[in-house]
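**Student:** need a structure here:
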Amino acid sequence: MQDLRITLIQSALHWEDADANLAMFEEKLWTIKDYTDLIILPEMFNTGFSMNADQLAEPMNYKTFKWLKQQAAQSKATVMGSFIVKESGKNYNRLIAMFPDGTYFEYDKRHPFRLAREHETYTPGRDRLIFELNGWKICPMVCYDLRFPVWARNTFDGKDLDYDVLVFVANWPAPRVNAWDGLLTGRAIENLSYCVGVNRVGDDENGHNYLGHSAVYNYKGENKFFNEGEEVIETVTLNYQDMKAFREKFAFYLDSDSFNIEVE
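**Tutor:** Below you'll find the predicted structure:
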């Protein structure tokens with residue numbers, strides 16, 4: 001299995017201005033000169049974390065979706081991030097993983113953030129997503145999902161674990177950033193997987209400050225990349241053979257509890 005190269009883009013966002021954000025991120029993507037497999041953008045990368053969904057939501061196959069398709073084709077990498085989608089009269093905080101050939105996967109945020117009343121605006125998703133990229137199994141989630149270990153649990157089917165890389169895209173504010181750091185580390189350790197978090201920086205129009213703390217942790221909980229407070233584009237290489245060897249030596253998943261999740 002070949003290594004996986006992932007590129008994290010930690011950035012400030014223009015508040016509720018999709019055109020400005022798409023132009024900004026297009027410029028950032030053009031600066032990525034070295035080969036990468038996966039480019040990860042923050043949560044609601046085209047608007048910021050807004051509850052103004054009725055004015056900002058887009059249907060699928062519209063501006064932001066087509067932008068993702070174009071950027072994936074041009075960069076020859078899978079591009080992933082979440083934005084506001086309206087479908088069948090409902091609003092979703094939807095993550096799209098767009099492949100260079102125009103195929104894609106989608107994941108709707110399972111846990112809307114109650115403290116921001118997100119649950120009153122956005123419909124929660126029902127299905128977890130795991131997709132393959134160059135043989136790696138990737139499980140993407142969105143922000144507040146990080147606080148729910150059962151939803152993120154890497155279960156063993158008797159042959160293999162569900163995924164190799166757990167990814168969280170976020171707008172996680174500064175006052176609770178210690179929880180972000182600790183939970184990312186914990187998700188990596190308990191799931192014997194790489195865990196990646198991509199957060200934004202700067203301030204939004206609601207007065208919230210974001211410190212970033214975008215990071216990559218390996219299957220042992222060791223930090224492979226971390227940045228606080230700055231706009232940054234960083235490419236990190238993940239090694240499959242090292243992870244496989246650690247899983248074989250410390251097969252803690254063989255003693256894990258079996259369970260099923262009932263989604264209402």
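**Student:** show me the shaky parts of the protein.
**Tutor:** Within the chain, no range satisfies pLDDT under 70.
**Student:** number of residues surrounding Arg94?
**Tutor:** 25 (other C-beta atoms under 10 Å). The way it works is simple: take the backbone N, C-alpha and C, and place the C-beta from them, glycine included.
**Student:** go on, Glu230?
**Tutor:** Count around Glu230 with other C-beta under 10 Å applied: 12.
**Student:** could you do Gly102 as well?
**Tutor:** 11.
**Student:** from Phe49, how far off is the closest residue to it other than its chain neighbours?
**Tutor:** What sits nearest to Gly102 in space, not counting adjacent residues and going by C-beta to C-beta, 6 or more residues apart in numbering, is Lys69, at 5.5 Å. Note on Lys69: its distance to Phe49, by C-beta to C-beta, to the nearest Å, is 24 Å.
**Student:** if you count surrounding residues, which of the two has more?
**Tutor:** Using other C-beta under 10 Å, the more surrounded residue of Lys69 and Phe49 is Phe49, with 25 against 20.
**Student:** Thr7 versus that one, what's the distance?
**Tutor:** For Phe49, the distance to Thr7 - C-beta to C-beta - is 22 Å.
**Student:** just to revisit the earlier point, who touches the residue nearest to Gly102 in this structure?
**Tutor:** Neighbouring residues of Lys69 by C-beta atoms under 8 Å, 6 or more residues apart in numbering: Met98, Gly102, Tyr104.
**Student:** next: Lys220.
**Tutor:** Ala188, Ile189, Phe246.
**Student:** buried ones among these?
**Tutor:** Neighbour-count burial (16 or more other C-beta atoms under 10 Å) is assigned, among the contacts of Lys220, to Ala188, Ile189.
**Student:** now name the helix or strand holding the closest residue to Ala20 other than its chain neighbours.
**Tutor:** Spatially, and ignoring its direct neighbours in sequence, Ala20 is nearest to His14 (3.9 Å; C-beta to C-beta, 6+ apart). Using DSSP states H and E, His14 is not contained in any helix or strand.
**Student:** ok, Leu129 next?
**Tutor:** Here Leu129 is assigned to no helix or strand, by DSSP H and E.
**Student:** before we move on, what about Phe105?
**Tutor:** Judged by DSSP H and E, Phe105 forms part of strand 104-108.
**Student:** just the residues contacting stretch 124-138, thanks.
**Tutor:** 1-2, 4, 37-38, 78, 92, 95, 97, 105-112, 139-140, 151, 162-165, 167, 238, 240, 263.
**Student:** out of these, which are buried?
**Tutor:** 4, 37-38, 78, 92, 95, 97, 105-112, 139-140, 162-165, 167, 238, 240.
**Student:** just those residues: which are in strands?
**Tutor:** 4, 38, 78, 92, 95, 97, 105-108, 139-140, 165, 167, 238 (DSSP state E).
**Student:** out of these, the closest to Leu56 would be?
**Tutor:** Proximity of those to Leu56 (C-beta to C-beta) peaks at Tyr92, which lies at 12.2 Å.
**Student:** I figured that closest one hits Arg110, correct?
**Tutor:** No - counting by C-beta atoms under 8 Å, Arg110 is not a contact partner of Tyr92; they are 10.8 Å apart.
**Student:** sorry, back to before: phi, psi for the residue nearest to Ala20 please.
**Tutor:** Dihedral pair for His14: phi -80, psi 130, per degrees, to the nearest 10.
**Student:** my read: it touches Phe25, true?
**Tutor:** No - His14 is beyond contact range of Phe25, at 10.3 Å (criterion: C-beta under 8 Å).
**Student:** understood, closing this out.
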